[in-house]
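Participant: coords below, sequence missing:
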């Protein structure tokens, strides 16, 4: 295992350290469990060397009863060790998985843009299980097997020192075999993990976009792609298994050669009278008992290689810094009076998204962001929420730099509703209340916000009303209704700044204009920002900011922008021509009918 993997594995050990007393107790139970197996060869020696020659039936009964007692004790210890071991294992899994989940959800949006979500989920499930298994079961087994090997070695030494030293001459060959397979297995384990994560990532992506598979009849195509990935994973996995099996079996073969040596030299001792038959049988039995722990130690070694690779991946997530982690939500912001964006630039990857953008948003006024797709409108809203950090320039809330306020304070004050509506599994009530910290809102507040967005009548018709599960509604919940739910969630949060990023795009124009007008009337003492490709939606706003290729082309009120006949007028004309063409096309179709 590489030094880097060693360090990451040691770091992960902190998750089991606080359970060390239970771990020691489990180890003690396992040692007690092994008492039955360890004592049995000695009792065989006693029976052969003492009971049989003396034909002492009373002694035989006593020895057999003693064996039964030890085996019962061993059984109880085994049951208790299994229970406590699983208890510690589950606790470690809970700690590790919740810490990792908490860290990942706090990471900036840029992390999700750069990383495959399938890799992240693979780490939360598979990698955590591998490390959990190593930190709990494997470490205890390692200690247990090591104690067994040392203990049996001492017994073998005291039974017959010469035979013992003959056996350990095989150890150098064993170490050489392990070292030969070590490097190759480690390389394939990394590839195996990557291939497994690739399969999970592929499944998540395709299931998330299953509608595309159906619409384009790509069933066979995706089946073939998935099978290719599975086969690649199986191919690598089989290679790992084969290398591990070769290394293990060669090592076991070398260990198994020791009894041959023992029988060969031990027989000479029996013939010459310096070694008893009982001692030779006991020596062989004890040596056979050591084969199991030796095989387990080899398996644990290969398990450690895999755990080291998993730990490296997990610690890479933990080492990704979280900006503003120590800042509390809402800290440092009073009611927002003014937002000033000054010479802001934003680069994502190799793409320049925004450049030299400056404008002011004031309380009590409404603003529209318009522009062609890719002009930077949505990225700008992410910056107002603190989800994207400016490469240059500054954004000030009430004169305070957002870089000093942090993402938690900003998201606490800004309500953003996007076009791709995100609804969570659970009830309608759960989804609406998701944006507030308290356990719930009073019935009047919920009823008022649902009435405001035009969902009250629809929900009242549902059998379970607010307690209806979202997944039970299926396709009965239209895209427009989903958007209304998302807007209700944001409104119940009562933000200082409300941003609607194509949040009404699935509604008809009349419903959209009515809802926008109601929002403007209700939030006259707040800052309201509306992004829409329908210019009619933003025409009644106080000010419109027209973006083009990441810069502000112009900004003013709707009428004055049209009078300038600039970038905004061009957008308006294009949309007007498009709508006219659509209308003419529909009329022609109707005439043909």
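Facilitator: That came through fine. No experiment lies behind these values; they were computed from the predicted model shown.

Participant: gap between residue 542 and residue 399?
Facilitator: 22 Å (Cβ to Cβ, to the nearest Å). Any C-beta I mention is one placed from the backbone N, CA and C, and that applies to glycine too.

Participant: neighbours of residue 130, how many?
Facilitator: If you count neighbours by other Cβ atoms under 10 Å, residue 130 ends up with 21.

Participant: helix or strand: which one has it?
Facilitator: helix 128-133 (DSSP states H and E).

Participant: list the buried ones in that helix?
Facilitator: 128, 130, 131, 132, 133 (16 or more other Cβ atoms under 10 Å).

Participant: residue 542 and residue 399: which has the busier surroundings?
Facilitator: Neighbour tally, residue 542 and residue 399, criterion other Cβ under 10 Å: the higher count belongs to residue 542, 14 against 8.

Participant: show me what contacts that one?
Facilitator: Under the criterion of Cβ atoms under 8 Å, 6 or more residues apart in numbering, the contact list for residue 542 reads 365, 366, 367, 557.

Participant: now, which of these lie within strands?
Facilitator: Using DSSP state E, the members of the contacts of residue 542 that fall within strands are 366, 367.

Participant: just checking, what packs against the strand or helix carrying residue 62?
Facilitator: Element membership of residue 62, judged by DSSP H and E, is helix 57-106. The helices and strands touching helix 57-106, judged by 3 or more Cβ pairs under 8 Å, 6 or more residues apart in numbering; DSSP states H and E, are helix 14-17, helix 20-33, helix 35-46, helix 128-133, helix 277-318.

Participant: most tightly packed of these?
Facilitator: Comparing the helices and strands packed on helix 57-106 by mean neighbour count (mean count of other Cβ atoms under 10 Å), helix 128-133 comes out on top with a mean of 22.

Participant: pLDDT of it, averaged?
Facilitator: For helix 128-133, mean pLDDT is 81.

Participant: contact partners of that helix?
Facilitator: Contacts for helix 128-133 (Cβ under 8 Å, 6+ apart): 12, 89, 92-93, 96-97, 100, 303, 306-307, 310-311, 314.

Participant: what's the answer for stretch 12-32, then?
Facilitator: So stretch 12-32 is in contact with 73-74, 77-78, 80-81, 84-85, 87-88, 91-92, 95-96, 131, 135-136, 139-140, 143-144, 147, 307, 311, 314-315, going by Cβ under 8 Å, 6+ apart.

Participant: reformat the contacts of residue 542 as a markdown table; add neighbour count, distance to residue 342 and pLDDT.
Facilitator: Output for the contacts of residue 542, formatted as a markdown table (neighbours: other Cβ atoms under 10 Å; distance: Cβ to Cβ, whole Å; pLDDT from 0 to 100):
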| residue | neighbour count | distance to residue 342 | pLDDT |
| --- | --- | --- | --- |
| 365 | 16 | 18 | 88 |
| 366 | 22 | 21 | 88 |
| 367 | 22 | 16 | 90 |
| 557 | 15 | 22 | 86 |
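
Participant: could you point out the helix or strand that follows the helix holding residue 130?
Facilitator: helix 139-159.

Participant: helices or strands up against the helix or strand following that following helix?
Facilitator: With elements assigned by DSSP H and E, the helix or strand that comes after helix 139-159 is helix 161-168. Applying 3+ Cβ pairs under 8 Å, 6+ apart, one finds that helix 161-168 contacts helix 139-159, helix 219-272.

Participant: could you export these as JSON lines, including mean neighbour count, distance to residue 536 and mean pLDDT?
Facilitator: What follows is those, written out as JSON lines (neighbours: other Cβ atoms under 10 Å; distance: least, Cβ to Cβ, whole Å; pLDDT from 0 to 100):
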{"stretch": "helix 139-159", "mean neighbour count": "17", "distance to residue 536": "67", "mean pLDDT": "79"}
{"stretch": "helix 219-272", "mean neighbour count": "15", "distance to residue 536": "40", "mean pLDDT": "79"}
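
Participant: would you mind splitting the chain into its domains for me?
Facilitator: Using automatic domain parsing, the domain parsing of the chain gives 87-318, 338-423+496-592.

Participant: which one, of those, ends up nearest to residue 432?
Facilitator: Nearest of the domains of the chain to residue 432, taken as Cβ to Cβ: domain 338-423+496-592 at 10.1 Å.

Participant: name the helix or strand of the protein that has the lowest mean pLDDT.
Facilitator: helix 567-592 (a mean of 58; mean pLDDT, DSSP states H and E).

Participant: with adjacent residues omitted, what lies nearest to residue 156?
Facilitator: residue 164 (4.6 Å; Cβ to Cβ, 6 or more residues apart in numbering).

Participant: and what of residue 568?
Facilitator: In space, residue 568 is closest to residue 561, 4.0 Å off (Cβ to Cβ, 6+ apart).

Participant: give the burial count for the one you found, as a bare number.
Facilitator: Other residues close to residue 561 by other Cβ under 10 Å number 25.

Participant: mind listing what's buried in the helix or strand encompassing it?
Facilitator: Here residue 561 sits within helix 558-564, counting by DSSP H and E. By neighbour count on 16+ other Cβ under 10 Å, the buried set for helix 558-564 is 558, 561, 562.

Participant: for the last one, give me the pLDDT.
Facilitator: So that's residue 562. pLDDT, read off for residue 562, is 85.

Participant: give the contact list for the residue nearest the centre of the chain.
Facilitator: The centre of the chain sits closest to residue 124, judged by Cα atoms, centre = their mean, with a distance of 3.2 Å. Residues near residue 124 by Cβ under 8 Å, 6+ apart: 97, 100, 101, 104.

Participant: picking up where we left off before, any chance of JSON lines for the contacts of helix 128-133, columns pLDDT?
Facilitator: Below are the contacts of helix 128-133 laid out as JSON lines (pLDDT from 0 to 100):
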{"residue": "12", "pLDDT": "76"}
{"residue": "89", "pLDDT": "82"}
{"residue": "92", "pLDDT": "84"}
{"residue": "93", "pLDDT": "83"}
{"residue": "96", "pLDDT": "84"}
{"residue": "97", "pLDDT": "84"}
{"residue": "100", "pLDDT": "85"}
{"residue": "303", "pLDDT": "76"}
{"residue": "306", "pLDDT": "78"}
{"residue": "307", "pLDDT": "80"}
{"residue": "310", "pLDDT": "80"}
{"residue": "311", "pLDDT": "82"}
{"residue": "314", "pLDDT": "81"}
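
Participant: show me which pair in the residues you listed is furthest apart.
Facilitator: Maximum distance among the contacts of helix 128-133 (Cβ to Cβ): 20.4 Å, for 100 and 303.

Participant: low-confidence ranges, the stretch 1-150 of the chain, go.
Facilitator: The model of the stretch 1-150 of the chain has pLDDT under 70 over residues 1-7, 36-38, 40.

Participant: please enumerate the strands of the stretch 401-550 of the chain.
Facilitator: Listed in chain order, the strands of the stretch 401-550 of the chain (DSSP state E, counting those that start in this stretch) span 414-418, 497-501, 527-531, 543-548.

Participant: Throw those into a markdown table and include mean pLDDT, thanks.
Facilitator: Formatted as a markdown table, those follow (pLDDT from 0 to 100):
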| stretch | mean pLDDT |
| --- | --- |
| strand 414-418 | 86 |
| strand 497-501 | 89 |
| strand 527-531 | 89 |
| strand 543-548 | 87 |
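
Participant: wait, which of those strands is closest to residue 482?
Facilitator: Nearest to residue 482, of all the strands of the stretch 401-550 of the chain, is strand 414-418, at 10.9 Å by Cβ to Cβ.

Participant: so what does the closest one touch, helix or strand wise?
Facilitator: helix 377-384, helix 479-493, strand 497-501.

Participant: for those, give me a markdown table that also has distance to residue 44.
Facilitator: Output for these, formatted as a markdown table (distance: least, Cβ to Cβ, whole Å):
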| stretch | distance to residue 44 |
| --- | --- |
| helix 377-384 | 75 |
| helix 479-493 | 74 |
| strand 497-501 | 80 |
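
Participant: now render those as CSV, adding mean neighbour count and distance to residue 404.
Facilitator: As requested, the helices and strands packed on strand 414-418 are arranged in CSV below (neighbours: other Cβ atoms under 10 Å; distance: least, Cβ to Cβ, whole Å):
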stretch, mean neighbour count, distance to residue 404
helix 377-384, 22, 15
helix 479-493, 22, 23
strand 497-501, 24, 18
